[in-house]
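Enquirer: have a look at this fold, sequence not included:
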């Protein structure tokens, strides 16, 4: 069916943007790279996000996949998929189809024009008709199991293996493993969901849904780092410029993963009610930061350099040695965090909010995350208030040029 | 503790907005009623929503509670609570505290200034520091069980009772009943969640969480009715002007519910994958509307009057007699829908998306909804694609004037 649709594409391209134009909506689909791009990119370099405007389009093509160093959005829909088919050619075709779909989705078009044949199901599910792209980004990754299942033994990379068990992990089977991940981010929840839904639908005979999680971020004016559900700023220490991304994030060895990166996901339940009963001093000691400003202890500015060696007049470390910031910094390595909050109703056992952090981070080597997480290990005071219940590691391909498809360097 | 905090309030009012000013953010907290108000109100009267701008504040005080006829927002966090305390005076005090909190929340302030005493837990959980009010509205309601449990027998109203079982209902115990509802809507998911979290926290010794659901809406440019996850426009037939609201929504008998309304909630699971395999003709026949335009069959405009008597040249009804629109219209009554989509990960039994509609509607008499739902009953074609799994009815008090508290007319 995919090929038939492709033909229709080129015969008569009724795009969502055309529909927007018909509806008289001006200014839809201003691609980043044209007007306004420099501002957005500057904000990206700050590691924080741009003001929510909703009508920009982020370019699908580039050296790297989008959704990693591009500015963070208000919403994520993250999906982990299992392979149902083990036929390499079928999976390759699915990634080709996904490439076609993703380019359209990110530019605010329908994945296919509305069928004129009313006796067929519409190809696009249609819930985004009339909407802008809302800075949609779609990021694809594959797990070590993906390579195993498709017998791509010669593509294995020594550092690419399942994450170890970390101290205090309470991983649930339903939030673990999987073969493929899709991270869809946008400034509109329905746009993000629509992307994953239509991609999954396209590959439905070849894949199963393993787990998914939606999340949100309070972007505000884009000048401040968003706060997590503990009320603290999250992600301050992120890469700040292209050089940081080069050093921290982009995989640079000369193989199929070049210009890609490793995505690590952790579903972290946050025990909000316990936290809320904790006094402010203890909350701040737990992070090693002031709650209001986000500055590390002993500093005034959120982005001040963290000096874990600094001693107070009493000779004691200014930043407590069991604080989150101290232990993360002590690991001596960096990652790029791109985490979202989630709230999923009530936890049926505790009767409390089922809420927390969909922690997503990117790094050129999984060891960066592993070092940090091991340093946090049993010592991090934050462990009293959180539980890691989901985990995953995925290799995210490099970006694609026009005419290429996602994952091509792996498959060919 | 509440009273101590109240004293501090008046001693030193460090509001979230002051904090915003400190952060140099101009234009925060522009109350609707001042600049921009007329545009927003006009959009409200259209029954559709305003462009997302994020920095307006909706007035807490008024003849009616907000979140009913005020423009719909991008996000909802809906909570149903059970009474733990059956002491009327305690519950009354909780509603007084909630009044104080809600006024602050809706104007973009913290529920209490940050404590200077680091040895106490912060009163506000803090995750909205630095954010605008994002058009937050908070709407409170109580169930028939609330009146029973608090022995308010003389306040009972003949039409105010639990909803009947409807054909095809598959209500789950966990999504049924409850004593109090709080509907928090905002253009930012974290702002909506923060409101409910802090209200629940304030009353934590008196109430339990029964169920909660977050939801989202693609507001777009505010000119079109948002689409549901079946890709169809939802809510076209809503009240369009003040007179409609008077006729359809506002309770007008001279008792404690005056200027209030009845809220009905239904958690409706939508079987997306079944729907997506259905051809376009069948999808449109199911709703009785065209998918792209949203117009009823035989019309061009979404807002065209629906004439279910209209016959085609073949003598058959233009709008199929088993379609959603036909049967809803046939009931001969109206309601005000204010529904949101939801997506909650994967349904563990089917392995498909757990997604659907958090259907919320308002009417002056529950019978309006009951008539429509009974008309849809077994006949509605849409029933093949949806399952009602949650239900609730709540009487939402009228609005409050300065100096009054929410629910005062019930309690005094």
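Expert: Ah, there it is. Model, not experiment: these values are computed from the prediction.

Enquirer: quick check: residue A:405 touching residue A:91?
Expert: No: taking contacts as C-beta atoms under 8 Å, residue A:405 lies outside contact range of residue A:91: 11.7 Å. Just so you know, the C-beta spots here come from the backbone N, C-alpha and C atoms, and that holds for glycine as well.

Enquirer: neighbour-wise, which of those two wins?
Expert: Taking other C-beta atoms under 10 Å in any protein chain shown, residue A:405 and residue A:91 do not tie; residue A:91 has more neighbours (23 against 19).

Enquirer: residues touching the more buried one, list them.
Expert: By C-beta atoms under 8 Å, 6 or more residues apart in numbering or on different chains, residue A:91 lies in contact with A:83, A:85, A:150, A:206, A:411.

Enquirer: what about the nearest residue to the fourth one once chain neighbours are set aside, helix or strand, and which?
Expert: If the residues on either side of it in the chain are set aside, residue A:206 comes closest to residue A:85, at 4.1 Å by C-beta to C-beta, 6 or more residues apart in numbering or on different chains. Under the criterion of DSSP states H and E, residue A:85 resides outside all helices and strands.

Enquirer: quick check: residue A:85 vs residue A:205, distance?
Expert: Distance from residue A:85 to residue A:205, counting by C-beta to C-beta, to the nearest Å: 7 Å.

Enquirer: between the two, point out the one with more neighbours.
Expert: Just comparing residue A:85 and residue A:205: by other C-beta under 10 Å the higher neighbour count belongs to residue A:85, 15 against 9.

Enquirer: and that one, its phi and psi?
Expert: phi -90, psi 140 (degrees, to the nearest 10).

Enquirer: give me the pLDDT for it.
Expert: Confidence at residue A:85, expressed as pLDDT, is 97.

Enquirer: residues in contact with it?
Expert: A:91, A:205, A:206, A:207.

Enquirer: 10 Å instead, please
Expert: Going by C-beta atoms under 10 Å, 6 or more residues apart in numbering or on different chains, residue A:85 touches A:91, A:94, A:149, A:150, A:203, A:205, A:206, A:207.

Enquirer: bridged to residue A:76, which residues?
Expert: residue A:185, residue A:215 (DSSP bridges).

Enquirer: list the contacts for it?
Expert: Residue A:76 sits in contact with A:67, A:137, A:183-186, A:189, A:192-193, A:196, A:213-217, A:338-342, A:358, A:360, where contact means C-beta under 10 Å, 6+ apart.

Enquirer: ok, it to chain B distance?
Expert: Distance of residue A:76 to chain B, given as C-beta to the nearest C-beta, to the nearest Å: 11 Å.

Enquirer: tell me how far that residue lies from residue A:339.
Expert: Applying C-beta to C-beta to residue A:76 and residue A:339 gives a distance of 9 Å.

Enquirer: mutual contacts of the two, please.
Expert: Common neighbours of residue A:76 and residue A:339 (C-beta under 10 Å, 6+ apart) are A:215, A:217, A:358, A:360.

Enquirer: assumed the third one was part of a strand.
Expert: Yes: with DSSP: H, G, I helix; E, B strand; the rest coil as the criterion, residue A:358 is assigned to a strand.

Enquirer: how about the contacts made by it?
Expert: A:76-78, A:183, A:213-217, A:265-268, A:338-342, A:390.

Enquirer: the shared contacts of residue A:76 and residue A:339: which two are farthest apart?
Expert: A:217 and A:360 (11.1 Å; C-beta to C-beta).

Enquirer: hmm, back to that, now, of the contacts of residue A:85, which are buried?
Expert: A:91, A:94, A:149, A:150, A:203, A:206, A:207 (16 or more other C-beta atoms under 10 Å in any protein chain shown).

Enquirer: the residues you listed in helices, which ones?
Expert: Of the buried ones among the contacts of residue A:85, the ones assigned to helices by DSSP state H are A:91, A:94, A:149.

Enquirer: relative to chain B, which of these is nearest.
Expert: When these are compared for distance to chain B (C-beta to the nearest C-beta), residue A:94 wins out at 17.1 Å.

Enquirer: now the closest one: closest residue in space, sequence neighbours ignored.
Expert: Per C-beta to C-beta, 6+ apart, closest to residue A:94 is residue A:203, 4.4 Å.

Enquirer: again with residue A:136
Expert: residue A:186 (4.2 Å).

Enquirer: who's in contact with that neighbour?
Expert: A:54, A:58, A:67, A:73-77, A:105-106, A:128, A:131-138, A:192-195.

Enquirer: element containing the closest residue to chain B within the stretch 51-200 of chain A?
Expert: Of all residues in the stretch 51-200 of chain A, the one sitting closest to chain B is residue A:126 (2.8 Å; C-beta to the nearest C-beta). For residue A:126, there is no host helix or strand (DSSP H and E).

Enquirer: that one touches residue A:113, doesn't it?
Expert: No: with contact defined as C-beta atoms under 10 Å, residue A:126 does not reach residue A:113; the gap is 11.3 Å.

Enquirer: just say helix, strand or coil for residue A:266.
Expert: Going by three-state DSSP: residue A:266 is strand.

Enquirer: endpoints of stretch A:332-344, how far apart?
Expert: Terminal residues of stretch A:332-344 are spaced 34 Å apart (C-alpha to C-alpha, to the nearest Å).

Enquirer: I meant stretch A:296-311, not that one.
Expert: By C-alpha to C-alpha, one end of stretch A:296-311 lies 13 Å from the other end.

Enquirer: residues contacting that stretch, please?
Expert: With C-beta under 10 Å, 6+ apart, stretch A:296-311 has contacts from A:46-48, A:224-225, A:233, A:236-237, A:240, A:284-285, A:287-290, A:293-295, A:312, A:317-321, A:323, A:325-330.

Enquirer: any of those buried? List them.
Expert: For the contacts of stretch A:296-311, buried by 16+ other C-beta under 10 Å: A:46-48, A:224-225, A:233, A:236-237, A:284-285, A:287-290, A:294-295, A:317-320, A:323, A:325-329.

Enquirer: so which of those are also by chain B?
Expert: Within the set of the buried ones among the contacts of stretch A:296-311, contact with chain B (C-beta under 10 Å from any C-beta of the partner chain) is found for A:224, A:225, A:233, A:284, A:285, A:294.

Enquirer: residue contacts, the third one?
Expert: For residue A:233, the contacting residues are A:48, A:224-227, A:287, A:289-295, A:302, B:129-130, by C-beta under 10 Å, 6+ apart.

Enquirer: how about the last one?
Expert: Neighbour list for residue A:294: A:224-225, A:227, A:232-234, A:236, A:287, A:301-304, B:129-130 [criterion: C-beta under 10 Å, 6+ apart].

Enquirer: helix or strand right after the helix or strand bottoming out on mean pLDDT in chain A?
Expert: The weakest-scoring helix or strand in chain A, judged by mean pLDDT, DSSP states H and E, is helix A:37-45 (a mean of 30). Using DSSP H and E, the helix or strand that follows helix A:37-45 in sequence is strand A:56-57.

Enquirer: from the contact counts, what lies against that next one?
Expert: Judged by 3 or more C-beta pairs under 10 Å, 6 or more residues apart in numbering or on different chains; DSSP states H and E, strand A:56-57 is in contact with strand A:30-31.

Enquirer: can you pull out the strands in the stretch 51-200 of chain A?
Expert: With DSSP state E, counting those that start in this stretch, the ranges of strands along the stretch 51-200 of chain A come out as A:56-57, A:75-83, A:137-142, A:180-186.

Enquirer: hey, least reliable of those by pLDDT?
Expert: strand A:56-57 (a mean of 78).

Enquirer: direction included, what does that strand pair against?
Expert: strand A:30-31 (parallel).
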